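Enquirer: coordinates only, sequence not included:
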Ligand code: AMP
């Protein structure tokens, strides 16, 4: 998606794992939450993501992956972006049945270098343990063990699902099926984004002029 539209991907979980590995104050605070599959405190993640979004490579558009995950985070994001005369164009919900989700996540393989993901059965890499894209080594995240995946799913239902109403009330929410192969899902996602770009604010990195002159940069994947 980012390659196609020229946007930058910001994945909140990756920011947190990098901070934890580097032992920064935010990372130290986040570590226990990450290990348990619980959400880190809102202020911690809000600060990390908003700092990242202020960097030059984010000015033509970003895809937020894993953020916001609570209504408080979404409210803080809207407020911070409004101050920068920016905003969230589209909140994309990829719907997948719980059983399929569990299968995809439990045992998922992640590249240590570029964070690409694979699955031993559903999406195996060409060479075992090696990333197709960058040659990095693959590992199973601690929180992709089955027990923690179940805990994360429960957290999603309790704390993240209310976000659907938040983004639905002003029509920023789009729902799409996340079932099927990567290419099929991407095709559906592309259609949704292109349709949103035709309807209104500047997605597609087209930088259309808006009457209020604000730049719309955000997309969020729930
Ligand atoms: P992810 O890589 O998106 O699956 O996130 C992994 C973990 O990072 C989550 O289980 C949480 O512990 C933490 N995390 C990621 N994003 C957020 C967020 N927006 N708010 C709170 N915690 C988060």
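Expert: That came through fine. Values in this document were obtained by computation on a predicted structure and should not be read as measured data.
Enquirer: residue 90 is in what secondary structure piece?
Expert: Element membership for residue 90 (DSSP states H and E) is strand 88-95.
Enquirer: typo on my end, residue 78
Expert: Per DSSP H and E, residue 78 falls inside helix 71-83.
Enquirer: now swap in residue 196 and tell me
Expert: Of the helices and strands defined by DSSP H and E, residue 196 is found in helix 182-199.
Enquirer: buried sites along that helix?
Expert: 185, 188-189, 192-193, 196-197 (16 or more other CB atoms under 10 Å). (C-beta placed from N, C-alpha, C; glycine too.)
Enquirer: now the spatially most central residue of the chain. Nearest residue, chain neighbours left out?
Expert: Taking CA atoms, centre = their mean, the centroid of the chain lies closest to residue 65, which sits 0.8 Å from it. Of all residues beyond its chain neighbours, the one nearest residue 65 is residue 11 (4.2 Å), with distances taken as CB to CB, 6 or more residues apart in numbering.
Enquirer: which residues does that neighbour contact?
Expert: If a contact means CB atoms under 8 Å, 6 or more residues apart in numbering, then residue 11 has 65-66, 115 as its contacts.
Enquirer: so which of those residues reach the ligand?
Expert: Near the ligand, taking CB under 6 Å from any ligand atom as the test, the members of the contacts of residue 11 found are residue 66.
Enquirer: which among the contacts of residue 11 gets closest to the ligand?
Expert: Closest to the ligand out of the contacts of residue 11 is residue 66 (3.1 Å), distances taken as CB to the nearest ligand atom.
Enquirer: grab the nearest non-local neighbour of residue 45.
Expert: The spatial neighbour of residue 45 that comes closest, neighbours along the chain excluded (CB to CB, 6+ apart), is residue 12 at 5.5 Å.
Enquirer: swap in residue 46?
Expert: The shortest distance from residue 46 to any residue other than its chain neighbours is 4.9 Å, reached at residue 76 (CB to CB, 6+ apart).
Enquirer: against residue 23, how distant is the one you found?
Expert: Applying CB to CB, to the nearest Å, the value for residue 76 to residue 23 is 26 Å.
Enquirer: great, nothing more from me.
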